[in-house]
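Participant: how does the following fold in three dimensions:
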Amino acid sequence: MKEEFDKMTFEEKVSFLVDNLRALPDDLAEEGIDILAQAGETEYAVVLARDKGKIDKAIRVLLEAGDYLWAALIAKNAGHLTRSQDLYREGLQYYIEMEMFGRAISAATALGLSPDVIDDLYRSGIARESRDSDLAHSRDMIECAMQSLDLSLLGREDEMSLELIKAVQEQRERMASDEKEEK
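Facilitator: Residues are numbered from 1 along each chain as shown. Presented below is the predicted three-dimensional model:
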């Protein structure tokens, strides 16, 4: 089988490995893990490595992909508790640096860090997401929607229309008041 495998193109090897992942002979495992990882098939590479007992290789593939959480879990499930904790700590630092706060919160939770630390991570995540939002643009969009509603209600005198007109006016007043407070 090794000779046939060696004659395959890279794409054929990837397909063969994925299709035969659970029944792959041991002599193809090491090369198969490398090929799958190189092809960006991280999950398949890790599963193959784990199933063949190559825990360190599985962890290495995951670290190269930046997946410290799964790497730590594999280490933990293999009985490497100290290594697992180290991976969670490394992951926490990595995820904070990469501003991946959801994953940082998962790592902090796995480490049993205090609720205050986890709350700080939530706040950092919210601040990061807020950085990309444009409040002025959002206000302009709301004002545009309210103007469209005003135009659609012109000339209507039914109770529902009058209530909507009143609600739009009240919202405009609140927005104007909020805008003054921000300045």
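Participant: okay, CA-based contacts and neighbour counts for the rest of this
Facilitator: Fine.
Participant: can you spell out which helices and strands pack onto the helix or strand of the chain with the lowest mean pLDDT?
Facilitator: The helix or strand of the chain with the poorest confidence is helix 135-153; it has a mean of 75 (mean pLDDT, DSSP states H and E). Based on contacts counted as 3 or more Cα pairs under 8 Å, 6 or more residues apart in numbering; DSSP states H and E, the elements that helix 135-153 packs against are helix 159-182.
Participant: how much does the helix it packs on deviate in direction from helix 135-153?
Facilitator: With axes from the mean of the first three to the mean of the last three Cα atoms, to 10 degrees as the criterion, the two stretches helix 159-182 and helix 135-153 enclose an angle of 160 degrees.
Participant: return the set of buried residues in the least confident helix or strand of the chain.
Facilitator: Of the residues in helix 135-153, 143, 146, 153 count as buried by neighbour count, 16 or more other Cα atoms under 10 Å.
Participant: want to try a markdown table for those residues, with distance to Tyr88 as columns?
Facilitator: Conversion of these to a markdown table gives the following (distance: Cα to Cα, whole Å):
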| residue | distance to Tyr88 |
| --- | --- |
| Glu143 | 46 |
| Met146 | 48 |
| Leu153 | 57 |
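Participant: what helix or strand is Leu69 located in?
Facilitator: When elements are assigned from DSSP states H and E, Leu69 belongs to helix 68-77.
Participant: that helix - what's its average pLDDT?
Facilitator: Model confidence over helix 68-77, given as mean pLDDT, is 96.
Participant: which is the next helix or strand following that helix?
Facilitator: In the C-terminal direction, the helix or strand that comes right after helix 68-77 (DSSP H and E) is helix 81-97.
Participant: next one: that next one to chain centre, how far?
Facilitator: Distance, stretch centre to chain centre, for helix 81-97: 17 Å (Cα atoms, centre = their mean, to the nearest Å).
Participant: who touches it?
Facilitator: Helix 81-97 is contacted from outside by 67-69, 71-76, 101, 103-105, 107-108, 110-111, using Cα atoms under 8 Å, 6 or more residues apart in numbering.
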